[in-house]
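# Turn this into a structure:
(one chain, ligands or ions: 1)
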Amino acid sequence: MNQDVIFDGFNGVSRLDLWVLCLKITATGITTTLLILLAVFTLSLRKHGQSERWAAYHFILASLFATLYIGGDTMVRISVAMGDAQEVLITYRLILSAIVLSVAAYINLSWALEPERTVFRGAILAVYGGTVAVAALVWVNHPALIIASDAITVKGSAVYADYGAGAPVFFALCLTLFAVVCLRLTRLAYRVGSAMAWRLTVLAVVVLFATGVHDALRELEIVSSPVGLLSLAYACFQVGAFGVLAMHYSRTLQDRQHQNRKLRRLTDAVTRDANSGLFTRGHLENSLNQLGTAARGGLLFIDLDRFKMINDRFGHSCGDELIRAVADRIRSNMRDGDIPCRWGGDEFVVYLPGTDFEMLQALTHRLQQTFRTIALANAADAEISVSMGFAELSDGDWHLTLERADQAMYHAKHAGRDRLVIAPQQMPADSTPAARRSALAARG
Ligand SMILES: Nc1nc2c(ncn2[C@@H]2O[C@H](COP(=O)(O)OP(=O)(O)OP(=O)(O)O)[C@@H](O)[C@H]2O)c(=O)[nH]1
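Here you go, the predicted structure:
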């Protein structure tokens, strides 16, 4: 049988080389997975604050270039192990460009994680622009630049480019940028407040920087070492950076939740009535003032019938309990956009936007039914009912509408209580709000 030989590599490759290769493949897998996770996470941050989004974008770039670097480094090793060093130089250039771009993205990320610090967009672009320019030089053959020619030297399982005179400067620049990143990330980890996170970060940056120095010296053939270690250390660093960032986000989220809770408590204290839990009169007045002539629907005035008698017979605390029970039932019958408030004492006013006659009849009927079911702890035989007045917001001034609703409620009281009266629209439509207000005042 004629069998083609399709693989003839791994000749002269030591066990150590294979282990390192396995580790590098694993590191590539891990960083690629993290990159995918990060992309999903960034998508979920679209609606969040500017600084979070920018931090996520820089981290995506940093991870993308780090993955290219780690994956490229693995590819170089695979190519050399398989005896195929033809296309190695392109991958080689790719990894040199990727490492410097990744470090630039990490610098910008560390700025974005400090929202209190103003970093000008120009500075961020300058960091990216400068490193792109340096990365571009990697692709130009010239003895004075980073890579002098297309020549490649393979020594055992290691491969070396023909470096130009600028290569030591390039590696020194990479190490300087690395040092900046390491210092800034250590500071960030310290601010996260967890001693463990800080120690792990210090360990990670020390290992990272040491392997960076090792690989730079190895590339320049100042030290002889069988394997480059930076890609493995960089993969560990990526995992650590994920951890630190996850902690940073969880702390930011906790702070924000805490602030939101505090804000809600403060807002509630200002806008909610303490006993009933409904909105305060001030909140309704503000809302109607803000709406102005855009207010639609009408105002419903609700007043408890013979509440003084309940107070006198069963005590003030029983009266308070009744106010709470009535408020609960009003609240549970509201739609989104309705504004129910305790106007004062045993009076409630509800702004009902977009309410027509049928909806009003249905709502007030429901309310009357549900108030009858109230059972007070120490006043089982108390008969609970309310009188209601409704006026449509057609006066151009909600104060006038409220007066009409109030008058309608009094008509309900005089007609025997426990009912709804709808205010007629008696005011001429072309009269001014001031004229209508004085006409109402004259009518008493
Ligand atoms: N328990 C309690 N009573 C209150 C509160 N605010 C006002 N009141 C009392 O509620 C009573 C209101 O009575 P009125 O509005 O005069 O009349 P009424 O007894 O409800 O009778 P009609 O409205 O004519 O049906 C007064 O006695 C107030 O002292 C409160 O927060 N808690």
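# what number of residues lie near D162?
Residues lying near D162 (other C-beta atoms under 10 Å) number 15. Any C-beta I mention is one placed from the backbone N, CA and C, and that applies to glycine too.
# Just checking: what are the partner strands of the helix or strand containing it?
Secondary structure from DSSP states H and E places D162 in strand 158-163. Strand 158-163 has its sheet partners listed here by DSSP bridges as strand 147-155 (antiparallel).
# can you list the residues that contact the partner strand?
The contact list for strand 147-155 (C-beta atoms under 8 Å, 6 or more residues apart in numbering) reads 80, 85, 88-89, 92-93, 138, 140-143, 159-165, 167.
# let's see 10 Å
79-80, 83, 85-90, 92-93, 96, 137-143, 159-167, 170, 221, 224, 226 (C-beta atoms under 10 Å, 6 or more residues apart in numbering).
# Format the CA atom coordinates belonging to it as PDB.
C-alpha atoms of strand 147-155 as PDB (Å, rounded to 0.1, in the frame of the first residue of the first chain):
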ATOM      1  CA  ILE A 147      14.700  43.500  11.900                       C
ATOM      2  CA  ALA A 148      17.600  43.700   9.500                       C
ATOM      3  CA  SER A 149      16.700  41.100   6.900                       C
ATOM      4  CA  ASP A 150      14.500  38.000   6.100                       C
ATOM      5  CA  ALA A 151      17.200  35.700   7.500                       C
ATOM      6  CA  ILE A 152      16.100  33.300  10.200                       C
ATOM      7  CA  THR A 153      18.500  31.300  12.400                       C
ATOM      8  CA  VAL A 154      17.200  28.000  13.900                       C
ATOM      9  CA  LYS A 155      19.200  26.700  16.800                       C
END
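# Any buried residues in it, and which?
By neighbour count on 16 or more other C-beta atoms under 10 Å, the buried set for strand 147-155 is 147-148, 152.
# Quick one: the strands in the stretch 201-350 of the chain, in order.
279-280, 298-304, 339-344, 347-352 (DSSP state E, counting those that start in this stretch).
# Which of the residues in stretch 360-378 are classified as buried?
360, 363-364, 367-368, 370-371, 374, 376.
# out of the residues you listed, who's nearest Y106?
Nearest to Y106 out of the buried residues of stretch 360-378 is L363 (C-beta to C-beta; 59.8 Å).
# chain center to the helix or strand where the closest one lies, what's the gap?
Element membership of L363 [criterion: DSSP H and E] is helix 357-372. In terms of C-alpha atoms, centre = their mean, to the nearest Å, the centre of helix 357-372 is set 41 Å apart from its chain centre.
# And that helix, what does it pack against?
strand 298-304, helix 316-332, strand 347-352, strand 386-392, strand 420-422 (3 or more C-beta pairs under 10 Å, 6 or more residues apart in numbering; DSSP states H and E).
# A197 is nearest to which of those?
The nearest among the helices and strands packed on helix 357-372, by C-beta to C-beta, is helix 316-332 at 45.2 Å.
# Could you give the average pLDDT over stretch 15-26?
Stretch 15-26 shows a mean pLDDT of 81.
# ok, residues contacting that stretch?
10, 13-14, 70-71, 73-78, 80-81, 156-158, 226-229, 231-232, 235.
# can you list the domains in the protein?
15-264, 279-443 (automatic domain parsing).
# Just put the ones you listed in JSON lines and tack on distance to the ligand.
Formatted as JSON lines, the domains of the chain follow (distance: least, C-beta to the nearest ligand atom, whole Å):
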{"stretch": "domain 15-264", "distance to the ligand": "24"}
{"stretch": "domain 279-443", "distance to the ligand": "3"}
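# Among the ones you listed, show the one with the smallest mean pLDDT.
Among the domains of the chain, domain 15-264 scores lowest, with a mean of 84.
# What segments of this protein are helices?
Under the criterion DSSP state H, helices of the chain are mapped to 15-44, 50-81, 88-112, 121-137, 167-192, 195-219, 230-271, 281-291, 307-314, 316-332, 357-372, 398-414, 433-443.
# Show me what the residue found closest to L360 once you drop the neighbours it is linked to in the chain is bridged to.
Excluding the flanking residues, the one nearest L360 by C-beta to C-beta, 6 or more residues apart in numbering is F390, at 5.8 Å. Taking DSSP bridges as the rule, F390 bridges to L300, I422.
# Surely F390 touches L367?
No: with contact defined as C-beta atoms under 10 Å, F390 does not count as touching L367 (11.6 Å).
# Next, show the common contact partners of those two.
Joint contacts of F390 and L367 (C-beta under 10 Å, 6+ apart) are 300, 302, 350, 420.
# Looking at those residues, which two lie furthest apart in space?
Taking C-beta to C-beta, no two of the shared contacts of F390 and L367 sit farther apart than V350 and L420, at 12.3 Å.
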